[in-house]
Structure formats: structure tokens, C-alpha cells
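>>> model the following, please.
(chains A and B)
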There are 2 protein chains.
Amino acid sequence: MSFSVTILGSGSAVPTNSRFPTSQFIECNNRHILIDCGEGTQFQLRKFNVKIQSIQIILISHLHGDHFFGLPGLLSTMHLLGRDKGLKIIGPEGLEKCVRTQLEIGHNKLDFELEFVALEKNSNTCIYKDKVLEIHTFPLNHRIQTQGYCIKEVQPELNMRKELVAQESIPLEVIHQLKAGKDCLDSTGMFWKFKKYTLPPKSLLSYAYCSDTKYDEGICKYIMGSTLLYHEATFIEKDAGRAKLTFHSTAEEAAKIALKSQVKKLLMGHISARYIDSKQHLLEAKTIFDNVIFAEDGMSINLRDI
Amino acid sequence: MSFSVTILGSGSAVPTNSRFPTSQFIECNNRHILIDCGEGTQFQLRKFNVKIQSIQIILISHLHGDHFFGLPGLLSTMHLLGRDKGLKIIGPEGLEKCVRTQLEIGHNKLDFELEFVALEKNSNTCIYKDKVLEIHTFPLNHRIQTQGYCIKEVQPELNMRKELVAQESIPLEVIHQLKAGKDCLDSTGMFWKFKKYTLPPKSLLSYAYCSDTKYDEGICKYIMGSTLLYHEATFIEKDAGRAKLTFHSTAEEAAKIALKSQVKKLLMGHISARYIDSKQHLLEAKTIFDNVIFAEDGMSINLRDI
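Residues are numbered from 1 along each chain as shown, chains lettered A, B, ... in the order given. Here you go, the predicted model:
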């Protein structure tokens, strides 16, 4: 089972020659998720060898162009390459109208279904769940409605301790309960404790995504203990005034959120085009939180290695 | 005075790693024009060192996404980089609604004016004229309304033959007429012939743009004698059936139009992603019209060198 994040775009609103606008591709236990879809995302998917048609869910954080202007082109290309499998698109209200207007005026009739899920302002809920992962959304603090996302592994069925199963004849219905992590009574009144009969649960990984947002400790409760936190760090300290004005964060602020949220690793991104590189961002963040890297287009991070 | 075409995107609907969707930048006698604006055009402008804010007019051929999905992002970046100079956008009806919807939902309030000019179906008219160039539009033959464009140099004032001006005392109002290429009578009844007193007019360059279109000899009259003709050549002969079905052209058909229109040079483009390169396109075109090249992203053609 794998859990990786591939950076498709690590820049902010004004793209540069080396940084496309925001987009990330997540592969989690054979589920394939795109988070945000700035202009050119389809080029980056191709460049970094991501199978475009594998994407099952697209999460959009907010309706600033650098986070969703790539959607119509991506959908159109999916269609032209023969897609017939439906696609779920989750994001703030208004997204569906925008995408459908573009597609209609562009005369794109897709051969696959788009299922839009419109998130109300300040949504704080589980928006997707299956056997292997769940996705939660929570409010960020930006100039317009902006949603963060947290992708969490779900505990699979526990493995039985084979030697005990062999010794004791455990009824099948009891095995189901124990594997689900539940103690139970069988029909004879015998009590079975799951911790005795099963191997310890595996530790679960989670990825939290926070872009764009000003510094807001209120988000810590949603992302507490994440394996990897992506937090925007548009600015460095000398431009903290600009960060405040535009509802963005500095690298130091991103590091503070990482520290307070007790995450294992911090991944910063959304760097302003005014900076040549991310060296100063990293220097400033490391004074607060050491396990930090800055996103680069094409970078891939395996959460199992963290 | 200069007249050049820079290819920003030479691919068709499905982009590849080496070909972005259609867009071209034209510099003509200090006027700066963008023709079509597929997704990623702003990245290509930056990559090929075109000054994004120099663009004064954007011409859109038709409303298939690979020809205009890059507009909202480009406009947004122009705004973020401080543009206050207005921008004229000319294209088929529906374009304005589409762009404004994207910008509004993306919360982009531009600090500069957008002047949209909506072209009716089958428009065949001069859409812009100033001292140094004029732009004509004409109908192409595609699945939806598609407009071709022809950018033509305008004859500047003729230069006087200095030795004659020195010999004969020519009245100022007569000089104005002669420079404008007009014979005239002065107040004494004397007849002045402009050809005698002026140097020969310079030869004028013109660029004709035809994308997307099926083979249609009806367009030849609009592009007759152009210095450079861009004509789409999406397919090669073995896929002629596909060309017909999708209202596109083969390389051979593009060459036939070039020949019939007596242009000096043919520039083909809009190659389908199914082909690895344009070798076969060139081979097939050259059997009909020898002075032909295939567009590549980043290629620049100086019309004075043709």
C-alpha cells in the first residue's frame, strides 16, 4: 500500500519558468486524487508521468484562478483521450457553473459524468470515505471561502494471531468482530477480546493540505498529528506585512502551525514569484520546525518514508 | 520596422510535452498582437521572452478550448503584474461571457479595461486599422464559427525624391498629396504626378492565419499573395478521412491552399498528438509547395527574411 504526494505546481498566482500554479497529485492506497488544478496542470501531469485517467477525485481549495483555471483543459483532454469513467469534483460553490460555462462555450461534450460536490462556507466534514481512505474538509482563513483537506488512511481489518486461531476454535462471526477491532460475546456467552487475538493495528498515515491561508491556529485541530502537512508559505518575514494584507502566510507562520499541530513533516509551497528561490523560507522555518522542505515542481514525497 | 511571428503553441487539442495548444505572438511595426490563447500561453510568453504587457490586441479564431482556455490566466497575470493599459479582444460571440464568468468566479477584478469585439458568423471585414497595419477577418470552414485573420502592413507616406524637391519649389499642400500617393492640381492649375516626385512605395508584408479549417478554396481570395500563410495541417494523407470528419486539413491540403493563394511561404501547424514529428507532413506538403516549414514551439519567423 502506498501513499505519495507529487507536486505539479509549487508557485503562486504569477507563474514562473520553474513553478506552475498550484496542483498536487495524491496516490493513496490505489486511490488517485488531484488537489487544486491551476493552469497547465494537464501539462505537468504528462511531464511527470502521472496517468491522467487514473484521477478519480479532484479537490479544489478555492476559486482563485491559480487554483482552478486548469480544470476545463484537463477535463477536455480526459475526454479526447477516451475517458468514460465518472469524475468527482469537490470544491466551493460556483465551481460547477464556471467549469460548465467554459465547457459549453468551448463546445466540449464530455463522454463521462462530472459529479460536482459544492462545499458550503466553513464546511468541516468528512466528504469521502471508502475502505482505504477518508477525506475531510475544513475551513482555512483566506480572502474568499477556502477549504483545506485532510486525506487519512482508514484502519484495514486487523490480522488475526494465527497461532491462537489454530489453538482455539474461534467461531467465524467472532473472527469478523475481532478483525474489526471489537470485543464480543459469542452465542455460548464466551467473551473474546480483540487485542488478545489480533496483531497490533498498523500506524495510519495522513496528509493535510492548507493553501491558501493566513496564519490561523484555529486550523490546528483539523490537522493535528498529520504525517505530512502542506502549508502555504507565500512570503518571508521581511514581507510579513504583505502576507497579512493578502491573507497569506510567511514561512515562519507555516512552521508555527506545523509545530502546534504536532505533524511529522512540513512541506511548504505557493512561493511568491518575487523570490528567486526558497532558501530564505527554509532558513526562517527551520528556526521553529526542523523537519521541513519546500515544494518544487516534480517533487514526489512518499509518506511511508517520513 | 519589423514584422515577426513567434510560435507559442504548435500542437492541437491534446497537448504534448513539446507542443502547447495554439497561440502565436505577432510583432508588426511596433504593434503587438496575440493570435489565439490556448492553455499555458502565459507560460510560453515568459519562456520565449515576450513582454506580456506589450500585447495590445488579442485575436481568437474560435471557441474550442485549445484556442482560448489560456485567456483568463493571462489576463489575471497581466493584472497582477500591474497592467493599467486597456486590451482589445476580438473573437466570435460568446467569448466575452466565458472570460468574464471565469474572471468573476475567480474574483479577479482587473485594473485595466477589456474591450471585446464580437464577430458575427462569416464576418469578412477590416476589424482594425491604424497608420502601420490593418487586420482583416474572414470565415474559415470548421465545425463551429471560426475566423481567419490577415495582418497587413499599410503603405507609409512615400518618400520624396530630394533632388526634385530642391530643384522645384513644391507647395507644402502638394507635398502632402504626393506623399500620400495622390496626383494633384495646385492652386495655379499646375498638375503634379506623385510617381515623378516620390520614391517607389516599399513592398508591403502580410501574414495570414488559418486555424482551424477543412480544405476550402473559398478562403484563397482572402489570403491571396500573403508573404506568410499559417495554415493548419493537423493530419497526414493516411488520415485524410479523419481530417474530413473533424473539419481539419492534411498537410497536402494546406500546401494546395498555399499554391492557389500564391503566398510566398507556408507555415504549417496544429499537428495532431498522434504523430511523433512533422517529417511526413513536410514530405507530403513539399510535393505541392516547396517553401514550407512546420511550426515548433519557440520558433520565430521574420517576414522581412522571406
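>>> so the closest residue to A:Ser2 other than its chain neighbours, which of the three states?
Distances taken as CB to CB, 6 or more residues apart in numbering or on different chains put A:Glu27 closest to A:Ser2, at 5.9 Å, once the chain neighbours are dropped. The C-beta positions use only the backbone N, C-alpha and C, and glycine is treated the same way. Put simply, A:Glu27 is strand when judged by DSSP: H, G, I helix; E, B strand; the rest coil.
>>> A:Glu27: neighbouring residues, count only.
When counting by other CB atoms under 10 Å in any protein chain shown, one arrives at 18 neighbours for A:Glu27.
>>> that one bridge partners, please.
For A:Glu27, the beta-bridge partners under DSSP bridges are A:Ser4, A:His32.
>>> confidence score at it?
Per-residue pLDDT puts A:Glu27 at 97.
>>> do A:Asp186 as well
So, for A:Asp186, pLDDT stands at 89.
>>> and it, how far from A:Phe194?
Using CB to CB, to the nearest Å, we find A:Asp186 at a distance of 13 Å from A:Phe194.
>>> those two - which one has more neighbours?
In this view A:Asp186 and A:Phe194 are compared by other CB under 10 Å, and A:Phe194 has more residues nearby, 18 against 13.
>>> which residues sit in contact with that one?
Counting by CB atoms under 8 Å, 6 or more residues apart in numbering or on different chains, A:Phe194 touches A:Leu158, A:Gln177, A:Leu178, A:Lys179, A:Ala180, A:Gly181, A:Lys182, A:Asp183, A:Cys184.
>>> just those residues: which are in strands?
Among the contacts of A:Phe194, DSSP state E puts A:Cys184 in strands.
>>> which among the contacts of A:Phe194 end up buried?
A:Leu158, A:Gln177, A:Leu178, A:Lys179, A:Cys184 (16 or more other CB atoms under 10 Å in any protein chain shown).
>>> now, which of those sits nearest B:Gln44?
A:Leu158 (53.5 Å; CB to CB).
>>> tell me the pLDDT at the nearest residue to that closest one once chain neighbours are set aside?
What sits nearest to A:Leu158 in space, not counting adjacent residues and going by CB to CB, 6+ apart, is A:Thr198, at 3.8 Å. For A:Thr198, the pLDDT comes out at 94.
>>> contacts only, for A:Thr198.
A:Leu158, A:Asn159, A:Met160, A:Arg161, A:Leu178, A:Lys179, A:Gly181.
>>> mind putting those into JSON lines with distance to B:Ser206 and pLDDT?
Listed next are the contacts of A:Thr198 as JSON lines, based on distance: CB to CB, whole Å; pLDDT from 0 to 100:
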{"residue": "A:Leu158", "distance to B:Ser206": "76", "pLDDT": "93"}
{"residue": "A:Asn159", "distance to B:Ser206": "76", "pLDDT": "92"}
{"residue": "A:Met160", "distance to B:Ser206": "80", "pLDDT": "92"}
{"residue": "A:Arg161", "distance to B:Ser206": "83", "pLDDT": "91"}
{"residue": "A:Leu178", "distance to B:Ser206": "82", "pLDDT": "93"}
{"residue": "A:Lys179", "distance to B:Ser206": "77", "pLDDT": "93"}
{"residue": "A:Gly181", "distance to B:Ser206": "76", "pLDDT": "91"}
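>>> picking up where we left off before, is it true that the residue nearest to A:Ser2 touches A:Leu34?
No. Under the criterion of CB atoms under 8 Å, A:Glu27 is not in contact with A:Leu34, lying 10.6 Å apart.
>>> quick check: A:Lys238 is in a strand.
No. A:Lys238: not assigned to a strand; according to three-state DSSP it is helix.
>>> give me the neighbour count for it.
A:Lys238 has 10 nearby residues by other CB under 10 Å.
>>> so it versus B:Ile105, what's the distance?
33 Å.
>>> what is the burial count for A:Leu164?
13.
>>> now it: phi and psi?
phi -80, psi -40 (degrees, to the nearest 10).
>>> name the nearest residue to it, sequence neighbours excluded.
A:Tyr197 is the one closest to A:Leu164 (CB to CB, 6+ apart), at 5.4 Å.
>>> so A:Leu204: helix, strand or coil?
coil.
>>> show me what the closest residue to it other than its chain neighbours bridges to in the sheet.
Of all residues not flanking A:Leu204 in the chain, A:Glu153 sits nearest, at 4.3 Å (CB to CB, 6+ apart). Legend: beta-bridge partners of A:Glu153 under DSSP bridges are A:Leu133.
>>> for chain A, what lies in contact range of chain B?
A:13-17, A:20-21, A:39-40, A:42-43, A:46-47, A:63-66, A:68-70, A:72-73, A:76-77, A:80-81, A:94-95, A:97-98, A:101-103, A:105-108, A:143-144 (CB under 8 Å from any CB of the partner chain).
>>> strands of the stretch 1-150 of chain A, residue ranges please.
A:3-9, A:23-28, A:31-37, A:57-59, A:87-92, A:114-119, A:125-129, A:133-139, A:147-153 (DSSP state E, counting those that start in this stretch).
>>> which residues in chain A form helices?
With DSSP state H, the ranges of helices along chain A come out as A:41-47, A:71-80, A:95-105, A:162-167, A:172-179, A:194-197, A:220-223, A:240-246, A:251-260, A:279-286.
>>> select from those the stretch with the lowest mean pLDDT.
helix A:162-167 (a mean of 84).
>>> which residue would be the closest one in the stretch 201-306 of chain A to chain B?
In the stretch 201-306 of chain A, the residue that lies nearest chain B is A:Ala273 (8.7 Å; CB to the nearest CB).
>>> wait, isn't that residue in contact with A:Ser18?
No. At 10.2 Å, A:Ala273 does not count as touching A:Ser18 under the criterion of CB under 8 Å.
>>> higher neighbour count, these two?
Set A:Ala273 next to A:Ser18 and count neighbours by other CB under 10 Å: A:Ala273 wins out with 16 against 12.
>>> how about the residue nearest to that one when sequence neighbours are not counted, what does it touch?
Nearest residue to A:Ala273 in three dimensions, chain neighbours excluded: A:Val14, at 4.2 Å (CB to CB, 6+ apart). The contact partners of A:Val14, by CB under 8 Å, 6+ apart, come to A:Ser272, A:Ala273, B:Thr77, B:Leu80, B:Leu81.
>>> what do you get for A:Arg31?
A:Gln56, A:Ile57, A:Asp130, A:Val132, A:Leu133.
>>> 6 Å - rerun?
A:Leu133 (CB atoms under 6 Å, 6 or more residues apart in numbering or on different chains).
>>> A:Asn159 versus that one, what's the distance?
Taking CB to CB, one finds A:Arg31 at 22 Å from A:Asn159.
>>> A:Arg242 now?
52 Å.
>>> how many neighbours does A:Glu153 have?
For A:Glu153, the count of nearby residues is 20 (other CB under 10 Å).
>>> hang on, it packs against A:Lys202?
No. If you go by CB atoms under 6 Å, A:Glu153 and A:Lys202 don't touch, sitting 8.4 Å apart.
>>> of the strands of the stretch 1-150 of chain A, give the one that comes closest to A:Lys279.
The nearest among the strands of the stretch 1-150 of chain A, by CB to CB, is strand A:3-9 at 17.6 Å.
>>> now the closest one: mean pLDDT?
98.
>>> that strand versus strand A:133-139: what angle between them?
For strand A:3-9 against strand A:133-139, the angle by axes from the mean of the first three to the mean of the last three CA atoms, to 10 degrees is 50 degrees.
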